[in-house]
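[1] everything below, folded, please.
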Amino acid sequence: MSDREYLSEESHTLRGAIDRKALLTIRDVCDQEEPLATATVDDYLSPNHLTIELADGLCDAESARIDVQWTTQGDYKFHYTDSLNQNFRWGRHPTGDDFPHVSDLGHFHPPPDASSDPADVEDSCIKQVDVRLVTRAVLKLWRVAYHRESFKHLNTGENPP
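    Numbering: from 1, shown residues only. As a prediction, this is how the structure comes out:
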């Protein structure tokens, strides 16, 4: 592996250890604010990720989930996948110079496959960094897409929530 490939791989990883408190906060926000969601951590004492099971998916999907990682450095990934194999994700972590349409750490990988093609990845409309606000923004964007039955509005909020 060349130095450039190594640095590129490193720049796309979340920095820091998984933040247990943040994952429990995300779980609590989901439980309080989204009736279609059930959130659970994979291991209560030493979690690696949180899974938000959704009772319904977007558009024609019958089921869906959002897998979440949040680190002690404030880096995160919220990755949606559903029964029709639609995928997208919001992230906040270094990406190197690989995505010309991304101006800072926050970015969005669009459906249908959470593309990492440099031409597809764009700035995230989520500008907050607080775990509660980011979680509420993700849930709100998902809910708007759910009601509109369209993936089109997933990254079009104006500094949601």
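[2] any low-confidence regions in this structure?
    Scanning the chain for pLDDT under 70 picks out 1-12, 161.
[3] which of the residues in the longest helix seen in it are buried?
    Counting residues, the longest helix found in the chain (DSSP state H) is helix 131-148. Buried residues in helix 131-148, counted by 16 or more other C-beta atoms under 10 Å: 131, 133-142, 144-146. Quick note: C-beta positions are derived from backbone N, CA and C, even for glycine.
[4] and which of these is nearest Asp97?
    Asp97 lies nearest to Val134 out of those, by C-beta to C-beta, at 24.3 Å.
[5] shouldn't that closest one be in contact with Cys125?
    No: if you go by C-beta atoms under 8 Å, Val134 and Cys125 don't touch, sitting 11.5 Å apart.
[6] what does stretch 88-99 contact?
    Residues from elsewhere that reach stretch 88-99 (C-beta atoms under 8 Å, 6 or more residues apart in numbering): 7-8, 11-15, 74-80, 102, 105-112, 114, 118, 121-122, 124, 126, 129, 134, 138, 141, 151, 154-155.
[7] for PyMOL, write the select line for the buried members of these.
    Buried members of the contacts of stretch 88-99, defined by 16+ other C-beta under 10 Å, are picked up in PyMOL with:
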select buried, resi 14+74+75+76+77+78+79+80+102+105+106+107+108+109+110+111+114+121+122+124+126+134+138+141+151+154+155
